[in-house]
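Trainee: curious how this folds, go ahead:
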Amino acid sequence: MHTTLTGSPVTPRLSTRGVAGLFVVALIALMFVIREALPYFRLTDVQFGRFLPHRAWLIVHITAGIVALLSGPVQLWLGLTARSIQAHRRVGVVYIGSVAASALAGYYLAFNTTFGWVFGTGLALSRPHGASRRASRSPRSGAICTSSTRNG
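Mentor: Below is the predicted model:
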C-alpha cells in the first residue's frame, strides 16, 4: 500500500533483520562483481570469447551493471532508514541511469547474439529492469511507502 506523505515526517527504523538482508544482498552483489564481472576488464580476446565482436557493448553493459549492483543496496539503505533523502535521491538517479545504460547495452547484445534470433528475443523480452522503471515513477507520483503502510 502506498500513500502520499503529509504532515510531519516519520523516521523509519530498519530492523536487525532488514539490515542483515541488505548486507547479504550487498555481499552477494559484490561477490558476483568480483567473480563474474571484473575478469572482463582484463580486455583480452580470450576473456571475451564469443563476445569479442561486441566487446564495447559488453563493457558498457558490465560497467553500468556494476554501478547498479553496488549502488542499489546503498540506495535502499538510505531510503529505508531516511538518513539523507537528498543522498537517497542522488544515488537513486545514479542507479536508474546505470540500469538504463546496462539495459540498452543488454538489448543490443541480445539482438546481436550468436545463439540466434529466438534466443536473443527471449533475452530482450525478459525485461529485468521493470522494477527500476516502477521505482523511478513512485517519487514523481507522490506514492511513497511509509512505515505505517509497510507494517499495516
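Trainee: find the nearest non-adjacent residue to residue 84, please.
Mentor: Leaving aside its sequence neighbours, residue 84 sits nearest to residue 78 (CB to CB, 6 or more residues apart in numbering; 6.0 Å). In short, each C-beta sits where N, CA and C put it, glycine included.
Trainee: can I assume the one you found is in contact with residue 94?
Mentor: No. Using CB atoms under 8 Å, residue 78 is not in contact with residue 94, being 11.6 Å away.
Trainee: what's the neighbour count on the residue nearest to residue 84?
Mentor: Around residue 78 there are 19 other residues, counting by other CB atoms under 10 Å.
Trainee: likewise for the one 3 residues further on?
Mentor: For residue 81, the number of neighbouring residues by other CB under 10 Å comes to 16.
Trainee: quick one: it and residue 15 touch, right?
Mentor: No. Contact criterion CB under 8 Å: residue 81 and residue 15 do not qualify, at 10.8 Å.
Trainee: just to check, residue 14 is in contact with residue 81?
Mentor: Yes. Residue 14 is in contact with residue 81 according to CB under 8 Å; the separation is 5.1 Å.
Trainee: show me which positions of stretch 16-23 end up buried.
Mentor: For stretch 16-23, the neighbour count (16 or more other CB atoms under 10 Å) marks residue 22 as buried.
Trainee: what's it in contact with?
Mentor: Here stretch 16-23 makes contact (CB atoms under 8 Å, 6 or more residues apart in numbering) with 14, 73, 76-77, 80.
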